[in-house]
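Peer 1: Predicted coordinates and the sequence they were generated for:
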Amino acid sequence: MKKFVNDPNVVVDEMVEGYVMANKNVRALQEARVVARQDAPVKGKVGIVTGGGSGHKPAFIGYVGKGMCDAVAVGEIFTSPPAHAFYHAFKAADGGRGVACLYGNYAGDVMNVDMAVDMAEDDGIAVKQVIANDDVPSAPKGKEADRRGVAGEILMWKIGGAKAEKGGTLEEVTASAQKAINNTRSMGVGLSPCIIPAVGKPNFTLGENEMEVGIGHHGEPGIEKMDIRPADEVAQMMMDIVLPDLPMQSGDELCLLISGLGSTPLMELYILYRKVGKILEDKNISVYRSYVGDYFTSLEMAGVTVTLMKLDAELKELLDMPADAVHFKQL
């Protein structure tokens, strides 16, 4: 295992320490492992909180900032933050109008958020939840509530954060965030595993010429393993699964996000984008706004996630609003 770490058991703490040293617009809480905006809580604004396991940088702490998240609970590698971390994130984000907790559909996160909500409400802090479930291959049509949250969470944070900056109520913010995730679908393909520092070995295996179709961000199994295909075939296969699930039709507009999983070169992401764009053009579906890069990773896993969000007038307006997070800046 070749990694720039000191003690594998403290990589998350050292990462957080380095992160706040490098970025002066965020701070780390002393009470729990939480990263928050320097100016949080923002009085009179609904607070936006998320959280999850580490290893997905820039998610989750990279999206703390104006127009995005106010505070983030930070877990160990691929492990949910404890309830008290979410609780302190709620306290750090509460500007008097309540907190929207926007996070992914993982059992540990759901359990710990539920406990934290009870703790916060005992303090008089109103918290409403929206749970992302955009990962199409993780559960069949009709069982969307069982699906994982993956890179679509970024678009949920963008929409919810923008609505909060506009002065929306807690109910309005969570309604917009829910609309965003209801209209978002994602799918990933993995080419190689990753190595958790404290474990020191790959967390799953793939043959030299294999890829995992529908892989999760922690290496969860997908639909099937198959021989690696050319980029155009991979893009076509992903779109054949994701597009009908929305569904999209001629004349629709969408936001397209293509994220690497950690070690996929940007060059390859744009090759995939090229084919996805052509597929959409052929169906007369317009890409209103696109994002390409490492937005939601899995340590050094090689692979890609494609995310589509179907847009209406409200989502377009909120998507276009400024954001000033460390890893999501938009004028």
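Peer 2: Arrived safely, thanks for sending.
Peer 1: In which helix or strand does Val242 reside?
Peer 2: Assessed by DSSP states H and E, Val242 sits inside helix 231-242.
Peer 1: If we go by neighbour counts, what in that helix is buried?
Peer 2: By 16 or more other CB atoms under 10 Å, the buried positions in helix 231-242 come out as Ala231, Val234, Ala235, Gln236, Met237, Met238, Met239, Ile241, Val242. Any C-beta I mention is one placed from the backbone N, CA and C, and that applies to glycine too.
Peer 1: Find the helix or strand that Arg274 is a member of.
Peer 2: Using DSSP H and E, the secondary-structure element containing Arg274 is helix 266-282.
Peer 1: list the buried ones in that helix?
Peer 2: Result for helix 266-282 [16+ other CB under 10 Å]: buried residues Leu269, Leu272, Tyr273, Lys275, Val276, Gly277, Ile279, Leu280.
Peer 1: Low-confidence stretches in the stretch 151-300 of the chain?
Peer 2: Regions of the stretch 151-300 of the chain meeting the criterion pLDDT under 70 are absent.
Peer 1: show me where it has helices.
Peer 2: Applying DSSP state H, counting those that start in this stretch to the stretch 151-300 of the chain gives helices spanning 152-165, 170-182, 231-242, 266-282.
Peer 1: and the shortest one, what other elements does it pack with?
Peer 2: The criterion is 3 or more CB pairs under 8 Å, 6 or more residues apart in numbering; DSSP states H and E, and the helices and strands that helix 231-242 contacts are strand 184-190, helix 266-282, strand 303-310.
Peer 1: And the longest one, by the same measure?
Peer 2: The elements that helix 266-282 packs onto, with contact taken as 3+ CB pairs under 8 Å, 6+ apart, are helix 231-242, strand 253-260, strand 286-293, strand 303-310.
Peer 1: Format the ones you listed as TSV; extra columns: distance to Ile61.
Peer 2: Compiled in TSV, the helices and strands packed on helix 266-282 are given as follows (distance: least, CB to CB, whole Å):
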stretch	distance to Ile61
helix 231-242	28
strand 253-260	16
strand 286-293	17
strand 303-310	19
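Peer 1: quick one, which of those is nearest to Asp135?
Peer 2: Closest to Asp135 of these is strand 303-310 (CB to CB; 8.6 Å).
Peer 1: quick one: whichever helix or strand comes after that closest one to helix 152-165, angle?
Peer 2: Moving toward the C-terminus from strand 303-310, the next helix or strand (DSSP H and E) is helix 313-320. For helix 313-320 against helix 152-165, the angle between stretch directions is 90 degrees (axes from the mean of the first three to the mean of the last three CA atoms, to 10 degrees).
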